[in-house]
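Q: Using only what follows, build the 3D model:
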Amino acid sequence: MTNLTQPHDHLLKVVLADPETAGVLLQERLPGEIAALLAPDPPQLVDGSFIDDELREHLTDRLYRSRLKEGGEAFIYTLLEHKSWPDRKVGWQLHRY
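A: Numbers count the residues shown, from 1 in each chain. Purely as a prediction, here's the structure:
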């Protein structure tokens with residue numbers, strides 16, 4: 001039997017590779033006022049890193065391009081961190097990425 005490291009991270013990356021599934025999860029987990037802006041069609045999976053306007057690189061687990069209901073598009077990047085216990089410092093950990 002193969003010993004997987006970080007099996008939860010791998011599972012979520014596989015699940016979120018499917019645009020239909022990702023669209024449903026984004027609609028369920030994003031704040032309502034943000035989800036309401038997104039068009040109903042599934043988001044498009046794009047390359048997992050990008051450079052922002054200030055030339056800083058951002059790495060993501062999954063990056064999506066989504067159409068907006070009013071026209072235009074939005075990029076939604078996801079960063080997943082599995083915790084086996086409640087961790088009050090997880091915000092600081094995610095900030096490092």
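Q: Nearest residue to the spatially most central residue of the chain in space, please, no chain neighbours.
A: Closest to where the C-alpha atoms of the chain average out (CA atoms, centre = their mean) is Thr78, at 1.9 Å. Nearest residue to Thr78 in three dimensions, chain neighbours excluded: Arg62, at 4.7 Å (CB to CB, 6 or more residues apart in numbering). To be clear about C-beta, it is placed using only N, CA and C from the backbone, and glycine gets the same treatment.
Q: can you pull out the strands in this protein?
A: Per DSSP state E, the chain carries strands over the ranges 44-46, 49-51, 57-59, 62-67, 73-78.
Q: quick one: low-confidence ranges for the chain?
A: Along the chain, the parts satisfying pLDDT under 70 run over 1-9, 48-50, 58-60, 81-82, 94-97.
Q: Run through the helices of it in chain order.
A: 7-16, 19-29, 32-35, 90-96 (DSSP state H).
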